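> Sequence first, then the predicted structure:
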Amino acid sequence: MRRIILCLIAAILFAGSSAWAAAGDDDKEARSSEKSKASTEKKASETPKTGVCAGSNPGEPATANPRLQSEVQQLKQLVQEQADRLRGLQQRLAEVESEVAADKPATTNTVASITAAGITAADATGVGATAAGQPAMIAEAAGSTAQPRAAPAATQEENKHQERKPSPLYFEIGRAHFTPGGFVDLTEFTRTTNLGSGIATAFQSLPYNNTPTGRLTETHFSAQYSRLSLKVDAPVTDSTLLTGYVESDFLGFQPANAYITSNSNSLRMRVFWANIKHNKWEVLAGQEWSLLTPNRKGLSPYTPDVFYTFNEDPNFQVGLIWARQAQFRVVYHATPKLAIGVSAENPQQIAPASVVFPSTTFLTQFDNTSSATNAATDTINPFVPRLRPDRVVKLAYGWGLMGRPFHVEAGGVIRSFKVFNAFANNTDTITGGGGSVNLNLQVIRKLTLIANSFYGDGGGRYIEGLGPDAIVKPNGTLSAVHSGAGLGGLEWTPNRRYMFDAYYGAAYFQRNFGFFPTPGSTCNGLPGFLCVGFGFPGSPNTTNRVIQEATVDVIPTLWSSEEYGRFQVIAQYSYLKRSPWSTLTTPPTPKNAHLSMVYAGIRYILP
């Protein structure tokens, strides 16, 4: 820019000097012509009479040419105008230099204003016509200033062109914008023991290697994890947006003939909610990921913004805190970076079959987490007592830490449990809960660190139901079970075609038991008593103390298009270890149960 400005100033100076030179030449020519005319007149007058002009006064000077005087006056006026413009240019140049010194970017209007304040090609042609090459030089300088003016228009045209690019699959009905989504997934999974839980791993049921299932392997193909979704955005006003979202897969109730001939997998609802957003407020109702589930971004309800790992396993990862359940949620976005939400969510009070009750009357008052769904006689009991909904609150904050995206959140849940105590002929109620702290931080470019944690009383429901929420003590009252979980991992995306991740997670359940008077029984060496509760000595080897899982995923994208979607291969390897509270069985139970499994999925994702 400074070169252009200096070029313009040089051109103006050159044109001004040419004008002065031209004016001087014209004055010399005028004086020479005047002298020549006077000399001629003098010679002519000398013939008849020396020193006397015929018909004139001898003392009167010769009359000047009117046309010549007019041209000289015009030249003087032009020179004065150019001098004024030159002063304006010098002033503008000083302003530009001050802006550069202050590190302010000079805009294209700066050059344009200098051109306007200086000289145009037409002016240069009129003033410097006598100086060869000046019009071309100044026209070139003026032409160079036209390019910055054209740049914004070109940028706008490019933006319009980008807006006209084909967008992902969608359609409109009225003002509502419908966006279908999901993926088609074919998965092959192999396990070193016969877990028998299908594509979704039942982490709490790893078989021991001294059992028949522990000596068998399994390999299956499944398309059950294929997913369908539909998102509807309907603007109500400029500040109010109504959004509906439904998502489903094919891991629902399996009929008795599901794997005979047709492999008829059933459609099930994953999430289905409506959300209205007005200014800084959001209100959501329906089935959704629990607010206690970690987020990748703010408190967004959308599945891609929820952290549930990139595992191919539909049960994700041991140590992950998650649930999908009916709820009513309110979120307030205090700032673009800070959000706080509260929700009331539908609970289940869980006590697996490993829990021993002092009376059979308590069996139907807990969900026993049975994973079998292929017969109507299965002992799933979804209609257990619910004193009140779970209350969840979470605060999320996201910003750039050392120039890297950083998301941190803290949340908690309050839970209530209730049973009918047949011994005292009344009801018993307790309150439990827990807290969670989660974060994800991009430690270096494209490498993200994940860390999630949870600990509380009665939180087994949110640790994938791997252990009980509470037990019933010998006197018929409730007692919450201490439990905790954690997950750490790294996610690396070196480029658009590859993604790698590694996770480690663990879940822990503390023992909680008592002595129930029972003649002929022995509990922990104490005769005449029966152990009731969870994790007591001699308890079933399904009373899990710790479950651990380490996972590595490799996800190459073989082909992608903004218009037609993506084609991926997902490879997952996981190693699991289950450690019970007691192995005092006949025959003796190994100290731990182990399992390795490999998932290999081919997935086409809709745009």
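Cool, got the structure. Numbers count the residues shown, from 1 in each chain.

> can you map out the strands along the stretch 101-250 of the chain?
Under the criterion DSSP state E, counting those that start in this stretch, the stretch 101-250 of the chain contains strands at 171-173, 176-191, 218-222, 227-237, 240-249.

> Likewise for the stretch 401-550 of the chain?
Using DSSP E, counting those that start in this stretch, strands in the stretch 401-550 of the chain cover 404-421, 426-444, 447-457, 470-472, 478-480, 482-495, 498-509, 512-523, 526-534, 544-561.

> looking at those, which is closest to L206?
Ranking the strands of the stretch 401-550 of the chain by proximity to L206 (C-beta to C-beta) places strand 544-561 first, at 8.0 Å. Bear in mind the C-beta positions are built from the backbone N, C-alpha and C, glycine included.

> partner strands of the closest one, parallel or antiparallel?
Sheet neighbours of strand 544-561, with direction, are listed as strand 498-509 (antiparallel), strand 565-580 (antiparallel) (DSSP bridges).

> how much does it deviate in direction from strand 482-495?
On the basis of axes from the mean of the first three to the mean of the last three C-alpha atoms, to 10 degrees, strand 544-561 is oriented at 20 degrees to strand 482-495.

> relative to strand 526-534, how tilted is strand 544-561?
20 degrees.

> Give the rounded mean pLDDT of strand 544-561.
Strand 544-561 shows a mean pLDDT of 96.

> same thing with stretch 325-335?
97.

> Return the most buried member of the strands of the stretch 401-550 of the chain.
Highest mean neighbour count of these: strand 470-472, a mean of 26 (counted as mean count of other C-beta atoms under 10 Å).

> Could you list the low-confidence segments of the stretch 1-150 of the chain?
1-65, 96-150 (pLDDT under 70).

> Tell me who's in contact with Q572.
N311, E312, D313, T551, V552, D553, V598, Y599, A600, G601 (C-beta atoms under 8 Å, 6 or more residues apart in numbering).

> so the fifth one touches D501, yeah?
Yes. Counting by C-beta atoms under 8 Å, V552 touches D501, with 7.4 Å between them.

> Include mean pLDDT when you put the strands paired with strand 544-561 into JSON lines, please.
Output for the strands paired with strand 544-561, formatted as JSON lines (pLDDT from 0 to 100):
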{"stretch": "strand 498-509", "mean pLDDT": "98"}
{"stretch": "strand 565-580", "mean pLDDT": "96"}
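
> what's the burial count for R67?
R67: 8 surrounding residues under other C-beta atoms under 10 Å.

> which phi and psi does V79 have?
According to degrees, to the nearest 10, the main-chain angles of V79 amount to phi -60, psi -40.

> and the gap between the residue nearest the centre of the chain and L216?
Nearest to the mean C-alpha position of the chain, counting by C-alpha atoms, centre = their mean, stands K297 at 6.0 Å. Between K297 and L216 the distance is 43 Å, computed by C-beta to C-beta, to the nearest Å.

> Same check on Y573?
Distance from Y573 to L216, by C-beta to C-beta: 20 Å.

> Which stretches in the protein count as helices?
Along the chain, counting by DSSP state H, helices occupy 2-46, 66-101, 108-117, 121-127, 134-144, 146-163.

> what's the second one packed up against?
Helix 66-101 is packed against helix 2-46, helix 108-117, helix 121-127, with contacts defined by 3 or more C-beta pairs under 8 Å, 6 or more residues apart in numbering; DSSP states H and E.

> May I see the buried residues of that helix?
L75, L78, V79, Q82, R85, L86, L89, R92, L93, V96 (16 or more other C-beta atoms under 10 Å).

> Okay, the fifth one and V72: tell me how far apart.
Going back to what we said before, that points to R85. Counting by C-beta to C-beta, the gap from R85 to V72 is 21 Å.

> cool, the third one as well?
V79 sits 11 Å away from V72, going by C-beta to C-beta.

> Stretch 211-229: how far from the chain's middle?
Relative to its parent chain, stretch 211-229 has a centroid offset of 32 Å by C-alpha atoms, centre = their mean, to the nearest Å.

> circling back to that earlier point, ok, so of the contacts of Q572, who is nearest K280?
Using C-beta to C-beta, the contacts of Q572 come closest to K280 at N311, 34.6 Å.

> Just to check, that closest one is in contact with L320?
No. Judged on C-beta under 8 Å, N311 makes no contact with L320 at a distance of 9.2 Å.

> Between the two, which is the more surrounded one?
Applying other C-beta under 10 Å to N311 and L320 shows that L320 carries more neighbours, namely 26 against 21.

> Run through the bridge partners of the residue nearest to that one when sequence neighbours are not counted.
Among residues not flanking L320 along the chain, L487 sits closest, at 5.4 Å (C-beta to C-beta, 6 or more residues apart in numbering). Note on L487: beta-bridge partners N452, G505, judged by DSSP bridges.

> residue contacts, N279?
Contacts for N279 (C-beta under 8 Å, 6+ apart) come out as S239.

> Wait, F307 touches L292, no?
No. F307 sits out of contact with L292 when judged by C-beta under 8 Å, with a separation of 11.7 Å.

> thinking again about what came up before, mind putting the strands paired with strand 544-561 into a markdown table with distance to S264?
Below are the strands paired with strand 544-561 laid out as a markdown table (distance: least, C-beta to C-beta, whole Å):
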| stretch | distance to S264 |
| --- | --- |
| strand 498-509 | 33 |
| strand 565-580 | 25 |
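
> Which one of these lies nearest to R461?
Short answer: strand 498-509, nearest of these by C-beta to C-beta, at 12.2 Å.

> Could you give me the buried positions within stretch 343-360?
343-345, 347-352, 354-358.

> ok, those vs F513, which is closest?
Using C-beta to C-beta, these come closest to F513 at V356, 7.9 Å.

> looking at the sheet around that closest one, what are its partners?
G533.

> measure it to V342 for me?
For V356, the distance to V342 - C-beta to C-beta - is 37 Å.

> One more: Y455?
21 Å.

> Nearest residue to G214 in space, please, no chain neighbours.
P207 (4.0 Å).

> What's the separation between that neighbour and L216?
Applying C-beta to C-beta, the value for P207 to L216 is 9 Å.

> Pull the contacting residues for the closest residue to S226 other than its chain neighbours.
In space, and not counting its chain neighbours, S226 is closest to D185: 4.6 Å by C-beta to C-beta, 6+ apart. For D185, the contact set (C-beta under 8 Å, 6+ apart) comprises A223, Y225, S226, R227, G601, I602, R603.

> Now do the second one: how many residues are near it, please.
Y225 sits with 22 neighbouring residues when counted by other C-beta under 10 Å.

> Can you name the residues that contact it?
Counting by C-beta under 8 Å, 6+ apart, Y225 has contacts D185, T187, I199, D249, F250, L251, E312, P314, G601.

> mind redoing it with 7 Å?
D185, T187, I199, D249, P314 (C-beta atoms under 7 Å, 6 or more residues apart in numbering).

> how close does the nearest residue to the third one once chain neighbours are set aside get to R191?
With C-beta to C-beta, 6+ apart as the measure, S222 is the residue that lies nearest to I199, at 4.5 Å, once sequence neighbours are left out. Taking C-beta to C-beta as the measure, S222 falls 13 Å from R191.

> now G214
From G214 to R191 the distance is 11 Å (C-beta to C-beta).

> Those two: which has the busier surroundings?
Set G214 next to R191 and count neighbours by other C-beta under 10 Å: R191 wins out with 23 against 18.

> from what I can see the more buried one touches L595, true?
Yes. In this structure, R191 is within contact of L595 by C-beta atoms under 7 Å, at 6.1 Å.
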